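> Please find the sequence and the predicted model below.
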Amino acid sequence: MDLARKKLGVLLSTGPEHANLEVAVGLSRAALDRGAQLYLYLIDDGVRALDDPRIGALSDRGARLFVCAYGCQKRGVPLRDPERVTYCGLVVLTDLINGTDRFIALN
């Protein structure tokens, strides 16, 4: 299946210690390898994965990275890399869910 014009949304709400991070990274890499446009949204404890170098590598490959600003505030995660990360809220998450061809939530 040609994914070159497809949009995949991935939400990660669990912390870096959870196996969902590896799943999110693997799915994201596979989607990017096949030419999909990737939209990754980190929320709740998932905002702590922002420091994982694999997340930065996805951004370097063209993934759009969205991070819940409220989740960062509640967990003491400093805001950084504004050219790589879009800090936002649930309205943007709703837009991603509605605007992607497929959306996967890893909770």
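That came through, no problem.
> CA only for contacts and neighbour counts going forward, please
Noted.
> buried stuff in stretch 48-57?
Within stretch 48-57, the residues that qualify as buried are 48-50, 54-56, counting by 16 or more other CA atoms under 10 Å.
> for this protein, what spans make up the helices?
Counting by DSSP state H, the chain has helices at residues 20-33, 53-60, 69-75, 90-99.
> what's near enough to touch Arg102?
Applying CA atoms under 8 Å, 6 or more residues apart in numbering to Arg102 gives the contacts 7-9.
> Tell me the bridge partners for it.
Under the criterion DSSP bridges, Arg102 forms beta bridges with Leu8.
> Report the residue spans of this structure with pLDDT below the cut-off.
Applying pLDDT under 70 to the chain picks out residues 1-3.
> related to what we said a few turns ago, could the buried residues of stretch 48-57 go into a markdown table alongside distance to Val25?
Output for the buried residues of stretch 48-57, formatted as a markdown table (distance: CA to CA, whole Å):
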| residue | distance to Val25 |
| --- | --- |
| Arg48 | 14 |
| Ala49 | 11 |
| Leu50 | 12 |
| Arg54 | 7 |
| Ile55 | 7 |
| Gly56 | 10 |
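> Looking at those, which is nearest Arg75?
Using CA to CA, Arg48 comes nearest to Arg75 of these, at 7.9 Å.
> I figured that closest one hits Pro78, correct?
No: using CA atoms under 8 Å, Arg48 makes no contact with Pro78, being 10.0 Å away.
> Show me whatever sits in contact with both of the two.
Residues touching both Arg48 and Pro78 (CA under 8 Å, 6+ apart): Cys72.
> give me the number of residues near Asp45?
By other CA atoms under 10 Å, 20 other residues sit near Asp45.
> Verify the stated contact: it with Gln73.
No: contact criterion CA under 8 Å: Asp45 and Gln73 do not qualify, at 11.3 Å.
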